[in-house]
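A.B. asks: give me a 3D structure for the following:
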Amino acid sequence: ELARVLGVHRNTLRRYMKNYGLERKYTDITDPDLDHLLAEFKKRRPESGVRYIIGFLRMHGLRVQ
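C.D. replies: Just a heads-up that it's a prediction; the model follows:
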């Protein structure tokens, strides 16, 4: 999405990010902490699927594999 906003191809953006030492890294979070966070989310929104969970994690600044 960032490449689209900037008006460049995604490969160009990746190359520039690599050249300047910028990486998209995953969040350091333990499995038990992630499990707890997701359990709390599912208590509040039991009908929600994977897309809502990913949005919830991103909203909290988390990026996971």
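
A.B. asks: next SSE downstream of the longest helix along the chain?
C.D. replies: In the chain, taking DSSP state H as the definition, the longest helix is helix 31-44. Next along the chain after helix 31-44, taking DSSP states H and E as the criterion, comes helix 50-59.

A.B. asks: now the angle between helix 31-44 and that following helix, please.
C.D. replies: 120 degrees (axes from the mean of the first three to the mean of the last three C-alpha atoms, to 10 degrees).

A.B. asks: in this protein, what helix or strand scores lowest on average pLDDT?
C.D. replies: Here the helix or strand of the chain ranked lowest by mean pLDDT, DSSP states H and E is helix 2-6, holding a mean of 88.

A.B. asks: what residues sit buried inside it?
C.D. replies: Neighbour counts over helix 2-6 (16 or more other C-beta atoms under 10 Å) mark no residue as buried. C-beta here means a position set from N, CA and C on the backbone, and glycine is covered the same way.

A.B. asks: no more questions from me, cheers.
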